[in-house]
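J.: generate coordinates for the sequence data below:
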Amino acid sequence: ITTLIGLTDDKKNINPYARLFLMACAIVVTLVLTNLHIFYFANPFNGTTIRLDAFSIPLTFNNLKFTFLPLADIFTTLWILWFMNMLSWSNAVDGQFSGMVAITCVITSILALRLLKIDPEQIYVAKLAAIAAGASLGILPYNWHPSKIMWGFGATTMGLLIPILSIMAGTKVAVATLVLIVPVLDALITILRRILQKKSPVWGDRGHLHHRL
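T.: Residues are numbered from 1 along each chain as shown. So this is what the prediction gives:
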């Protein structure tokens, strides 16, 4: 789905709001098929655990059973959508995106391997994260300055894959955010700057940190 969105955007230059909606649809489809949720996260201020799974609704659609957790599903969808856009915004400098993705996926793979004794299924998370890291490193020689290939909107696919792998590896929000703290801060500052300039946060410009550098 993300590949089709990217190809269409390259050809037709989709309206950012329509693109955001299509990306949200891709996330919802993924969550329905995988029954994936962020059930809780730690409060960074006092260390208490904030639960998101207190209220649930069991649903069946075309013999497909899944559980709808309103708070958990909304939070998970928004977090992955934020992640997809944040990483996509960072894909503008030679080597930057490939390097960030590779480092993040290697760390996710290592964290998944640490959980093997508790959950043997983590081997699949570790393998997929390692494959994603290998793909990014494979592109890196061609993406390094002077670049011959840019990720383009294909970066969104990695933006979907990384947060899902981090949820499956149990790292949730905190670790993924810390590993990618530079693009996270850049995205936050960019959104704030555009709002202060009375512009839409989703319309692109050349005011990102990497553009300034």
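J.: when you work out contacts or count neighbours from here on, use the C-alpha atoms and nothing else.
T.: Noted.
J.: Provide a list of residue ranges in the chain with pLDDT below threshold.
T.: Applying pLDDT under 70 to the chain flags residues 44, 171-173.
J.: helices along the protein, start to end?
T.: Ranges of helices in the chain, per DSSP state H, are 2-12, 16-34, 70-89, 96-114, 122-143, 155-168, 172-179, 181-196, 209-212.
J.: what comes up buried for the longest one?
T.: Read that as helix 122-143. Neighbour-count burial for helix 122-143, counted by 16 or more other C-alpha atoms under 10 Å, picks out 122-134, 136-137, 139-141, 143.
J.: check the fourth one too.
T.: Using 16+ other C-alpha under 10 Å as the test for burial, helix 96-114 gives 96-113.
J.: which elements pack onto it?
T.: Where contact means 3 or more C-alpha pairs under 8 Å, 6 or more residues apart in numbering; DSSP states H and E, helix 96-114 is packed against helix 122-143, helix 155-168.
J.: out of these, which is closest to Asp9?
T.: The minimum distance between Asp9 and the helices and strands packed on helix 96-114 falls on helix 155-168, with 11.7 Å, by C-alpha to C-alpha.
J.: helices and strands around the closest one, which ones?
T.: Here helix 155-168 touches helix 2-12, helix 70-89, helix 96-114, helix 122-143, helix 172-179, going by 3+ C-alpha pairs under 8 Å, 6+ apart.
J.: how far does it sit from the chain's center?
T.: How far helix 155-168 lies from its chain's middle: 4 Å, per C-alpha atoms, centre = their mean, to the nearest Å.
J.: between the helices of the chain, which gets nearest to Val202?
T.: Across the helices of the chain, closest to Val202 is helix 16-34 (C-alpha to C-alpha), at 6.2 Å.
J.: what angle sits between that closest one and helix 155-168?
T.: 40 degrees (axes from the mean of the first three to the mean of the last three C-alpha atoms, to 10 degrees).
J.: what angle separates helix 16-34 from helix 70-89?
T.: 130 degrees.
J.: in CSV, list the C-alpha atoms belonging to helix 16-34.
T.: Output of helix 16-34 as CSV, limited to C-alpha atoms (Å, rounded to 0.1, in the frame of the first residue of the first chain):
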residue,chain,number,x,y,z
PRO,A,16,-0.6,16.3,1.5
TYR,A,17,-3.9,15.8,3.4
ALA,A,18,-5.0,13.1,1.0
ARG,A,19,-1.6,11.4,1.4
LEU,A,20,-1.9,11.6,5.1
PHE,A,21,-5.3,9.9,5.0
LEU,A,22,-4.0,7.1,2.7
MET,A,23,-1.1,6.6,5.1
ALA,A,24,-3.5,6.3,8.0
CYS,A,25,-5.5,3.7,6.0
ALA,A,26,-2.3,1.7,5.4
ILE,A,27,-1.7,1.7,9.2
VAL,A,28,-5.3,0.7,10.0
VAL,A,29,-5.1,-2.2,7.6
THR,A,30,-1.8,-3.3,9.1
LEU,A,31,-3.1,-3.2,12.7
VAL,A,32,-6.3,-5.1,11.7
LEU,A,33,-4.3,-7.9,10.0
THR,A,34,-1.8,-8.2,12.8
